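Trainee: whatever this is, show me its structure:
(one chain, ligands or ions: 1)
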Amino acid sequence: MAANSVRIAVLPGDGIGTEVTEATLEVLEPLARRHGIGLSTETLPAGAFHYQATGEAFPESSFRAAEAADAILLGAMGWPGIRQADGTEIAPQLDLRFRLGLYAGVRPVRAIPGVPVALADPRAQRIDFVLVRESTEGLFHSRGIGLVTEDLAEETLRITRATTEKLSRFSFRLAERRAARLGRAGRVTLVDKANVFRAFAFMRAVFDGVAAEFPAVESGHHYVDAMALDLVRRPWAFDVLPTENMFGDILSDLAAGLVGGMGFSPSADIGDEHAVFQPAHGTAPDIAGQGIANPAAMLLSAAMMLDWLASRGAGQGFADAGAELEGAVDAAFAAGLRTADIGGGDGTAAVVRAVTERLGR
Ligand code: ATP
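Mentor: Purely as a prediction, here's the structure:
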């Protein structure tokens, strides 16, 4: 990547995916100008409606262009009633995770000032943790290759040493960066089911081996069932939570529900060379086309993208722009912006206006 100038592959997808993507690009343009950073974007076709029109959910040309870009920004894909021949959903985002080796599914969960949290305890305002969902193996290893006969169905979970080591190192490094930013010690807690499955005892042993490389970061383990309880009972107590793919899939939705719902939940799928940034929500067919989708999750995902690009050498301007974008989203909601998903009347365009106005303040 050339310093100070990057190429972004944009995959808007379906439903509100296209709406929040358009909103995000509208905010990124003045943001990039303000910080003097070069962001060139290329919009690529993929998704359920593209499948319906062409028979192809994710054209190889779109995949190649995404692979060649410095970062990938994705809206959301899939649509009820549009399915592959075997009945599974249209999910090019899963293809990207597997084909580009995006093992770290980063799901920040943070109480945004002004956005109602699900818990009455005042400590819920301090919720700020990151789930790191392993995204290339675990139970999803079996996707598309499970055994189904007349009498049984069987799907196999896979945990590898190589990916567990990478996931663990990624989590400890993330905890170090958060500790430096937040001015407190970092803590990484592996979420597993090591009391029942040998695969998770193996995962735990590999994680512990990596933990020893990071003596300044506290490390621990939590069983997934206990974590489901504790994410409701004391979510403010956690920092970085790496976990298996399926566990992360479920816990990340629970976690999103703590802090305002899917409309406020950004995510990044990060590998050694590539990364996809997208809101955690789906295409929300029930509200698509009405101009009321909340673009905050995608704006926050774009902020993560700018920060990741900076960490890859794009330049300090990218890190500054990412921080400013996150700050502007926070400030807009703190000042009273209320989207439909939290019971307000502000639509997608109102969020774009409110956030853009706050850039640089
Ligand atoms: P998927 O299976 O792809 O995750 P889904 O239909 O199960 O998708 P979502 O599309 O994520 O779930 O959303 C569930 C509901 O939450 C939507 O139907 C919509 O009402 C609401 N929702 C999700 N994202 C947003 C958003 N950005 N703004 C407003 N409402 C949203």
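Trainee: what's the residue of the chain found nearest the ligand in contact with, if anything?
Mentor: Using CB to the nearest ligand atom, the single residue of the chain nearest to the ligand is G282, 2.2 Å away. C-betas here are computed from N, CA, C, even on glycine. G282 makes contact with G15, A76, G78, M262, according to CB atoms under 8 Å, 6 or more residues apart in numbering.
Trainee: residues in the stretch 251-361 of the chain within reach of the ligand, list them.
Mentor: By the rule CB under 6 Å from any ligand atom, the part of the stretch 251-361 of the chain lying against the ligand is 262-263, 281-284, 286-287, 293-294, 297, 340-341.
Trainee: look up the closest residue to R143, ignoring the ones flanking it.
Mentor: Nearest residue to R143, sequence neighbours excluded (CB to CB, 6 or more residues apart in numbering): L94, at 6.9 Å.
Trainee: now the strands for the stretch 1-150 of the chain?
Mentor: In the stretch 1-150 of the chain, the strands defined using DSSP state E, counting those that start in this stretch lie at 5-13, 38-43, 71-76, 104-110, 128-134, 147-148.
Trainee: which neighbouring elements make contact with the last one?
Mentor: Contacts defined by 3 or more CB pairs under 8 Å, 6 or more residues apart in numbering; DSSP states H and E place strand 147-148 against strand 153-154.
Trainee: name the helices or strands packed onto the strand it packs on?
Mentor: strand 147-148.
Trainee: what's the mean pLDDT across the strand it packs on?
Mentor: Regarding strand 147-148, the rounded mean pLDDT is 94.
Trainee: helix, strand or coil for D269?
Mentor: When classified by DSSP: H, G, I helix; E, B strand; the rest coil, D269 comes out as strand.
Trainee: any idea how far D307 is from it?
Mentor: D269 sits 15 Å away from D307, going by CB to CB, to the nearest Å.
Trainee: quick one: which of these two has more around it?
Mentor: D269 (26 against 22; other CB atoms under 10 Å).
Trainee: quick one: pLDDT of the more buried one?
Mentor: In this model, D269 is scored at 97, pLDDT.
Trainee: now Q125. Nearest residue, chain neighbours left out?
Mentor: Nearest to Q125 is A111, by CB to CB, 6+ apart, at 5.2 Å.
Trainee: what of F129?
Mentor: F238 is the one closest to F129 (CB to CB, 6+ apart), at 4.2 Å.
Trainee: contact partners for the one you found?
Mentor: Contacts of F238 by CB under 8 Å, 6+ apart are F129, R187, T189, D230, L231.
Trainee: and what of Y103?
Mentor: Contacts of Y103 by CB under 8 Å, 6+ apart are E134, S135, T136, E137, T163, K166, L167, F170, I270, G271.
Trainee: now do 7 Å
Mentor: E134, S135, T136, T163, K166, L167, G271 (CB atoms under 7 Å, 6 or more residues apart in numbering).
Trainee: same check, this time on M305
Mentor: A71, L73, F277.
Trainee: dihedrals phi and psi, it?
Mentor: phi -60, psi -40 (degrees, to the nearest 10).
Trainee: so how do I select the buried members of the contacts of F238 in PyMOL?
Mentor: Burial among the contacts of F238 is assessed by 16 or more other CB atoms under 10 Å; the matching PyMOL selection reads:
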select buried, resi 129+187+189+231
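Trainee: in strands, which of the contacts of F238 appear?
Mentor: When these are checked against strands (DSSP state E), the matches are F129, R187, T189.
Trainee: looking at those residues, which is nearest L258?
Mentor: F129 (9.7 Å; CB to CB).
Trainee: so what pairs up with the closest one in the strands?
Mentor: V109 (DSSP bridges).
Trainee: quick check: it touching P242?
Mentor: No. Using CB atoms under 7 Å, F129 makes no contact with P242, being 11.5 Å away.
Trainee: re earlier: quick check on the residue of the chain closest to the ligand: phi, psi?
Mentor: In terms of degrees, to the nearest 10, the main-chain angles of G282 are phi -100, psi -150.
Trainee: repeat for A323
Mentor: According to degrees, to the nearest 10, A323 has phi -60, psi -40.
Trainee: mean pLDDT per helix and strand in this protein: which one sits at the bottom?
Mentor: Ranking every helix and strand in the chain by mean pLDDT, DSSP states H and E puts helix 92-99 at the bottom, with a mean of 89.
Trainee: quick one: residues in contact with that one.
Mentor: 46-47, 57-58, 63, 66, 72, 74, 77, 102, 135-136, 143, 269, 276, 278.
Trainee: list the buried residues of it.
Mentor: So helix 92-99, judged by 16+ other CB under 10 Å, has buried residues P92, Q93, L94, L96, R97, F98, R99.
Trainee: ok, back up a step: show the pLDDT at the residue nearest to F129.
Mentor: 98.
Trainee: and if you look at G360?
Mentor: The per-residue pLDDT of G360 was computed as 83.
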